[in-house]
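*Asks:* Return atomic coordinates for the entry below.
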Amino acid sequence: MSNKWEAFAKDFEQSNNYVVGIKDINLVKSELSLLADLGSVLELGCGNGTYTECFLDSATTITATDISDQMVTITFDRFAQQDHVNVEVADCFKLQYADASFDTVFMANLLHVIPSPEQALAECFRVLKAGGRLIVLSFTLHGMTWLNQLMLKYRYSRKYGTKSTSSITLTPQLAIEMIQPLGFKVSSSCLMGANVKAVYLRAEKVDK
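*Replies:* Numbers count the residues shown, from 1 in each chain. Next up is the predicted model:
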């Protein structure tokens, strides 16, 4: 499976800080750091571990994954001293983990770029324990001023080139519509951020 992000692995975090803006990155990280009692966490699309560090104190174990070998190598080195962090390659469309393996699944910046988000969400549902939490974060153009949209598009194209044809503009309502049919109970879905916005959704796997 071709992955354009391999080429940006070395300085991926710095690049995202430039594209999104460090102020809004830190705002999102601060919000994620408020989460508590996450138990065993599976992170999909960990990149260079930008958001992985938000869960170091709130999770008993973290399995940080990415489709990119190079991203995984960088994240592995970053958290080598954290015994409760495991970093490995995983495909969000076909996870290698058993049913009901995790208390929490965190998806960072995947839903708006992957070609089959419902398939990835179904895998999240499968590997979550009953009552487990799904946490979704995806940056979006929705809710941004025209000028901020223009500036973000410029920074993105300068750093990463053309956007994927599978990219969509995610909204809080669209995220709900993707997730609810799979059996999740959505507790909140909102926009956060100042100049650049992010969809932030929290949901629970209903105990059938």
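*Asks:* hang on, residue 158 is in a helix, isn't it?
*Replies:* Yes. According to DSSP: H, G, I helix; E, B strand; the rest coil, residue 158 belongs to a helix.
*Asks:* Next, count neighbours for it.
*Replies:* 11 (other CB atoms under 10 Å). All C-beta spots, glycine's among them, are computed from the backbone N, C-alpha and C.
*Asks:* list the helices and strands the longest strand along the chain packs on?
*Replies:* Secondary structure of the chain per DSSP state E: the longest strand is strand 128-140. Applying 3 or more CB pairs under 8 Å, 6 or more residues apart in numbering; DSSP states H and E, we find strand 128-140 packed against helix 22-33, strand 102-108, helix 117-127, helix 172-179, strand 197-205.
*Asks:* Redo those as CSV? Include mean neighbour count, distance to residue 50 and mean pLDDT.
*Replies:* Shown next, in CSV, are the helices and strands packed on strand 128-140 (neighbours: other CB atoms under 10 Å; distance: least, CB to CB, whole Å; pLDDT from 0 to 100):
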stretch, mean neighbour count, distance to residue 50, mean pLDDT
helix 22-33, 15, 7, 94
strand 102-108, 24, 8, 97
helix 117-127, 19, 19, 96
helix 172-179, 18, 20, 95
strand 197-205, 22, 13, 96
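*Asks:* Of all those, which one comes closest to residue 67?
*Replies:* For the helices and strands packed on strand 128-140, the distance to residue 67 is smallest for helix 117-127, at 11.0 Å, taking CB to CB.
*Asks:* got a list of what the spatially most central residue of the chain touches?
*Replies:* Nearest to the geometric centre of the chain sits residue 108, at 0.8 Å (CA atoms, centre = their mean). Residues near residue 108 by CB atoms under 8 Å, 6 or more residues apart in numbering: 43-47, 50-51, 137-138.
*Asks:* Right, I'll leave it there.
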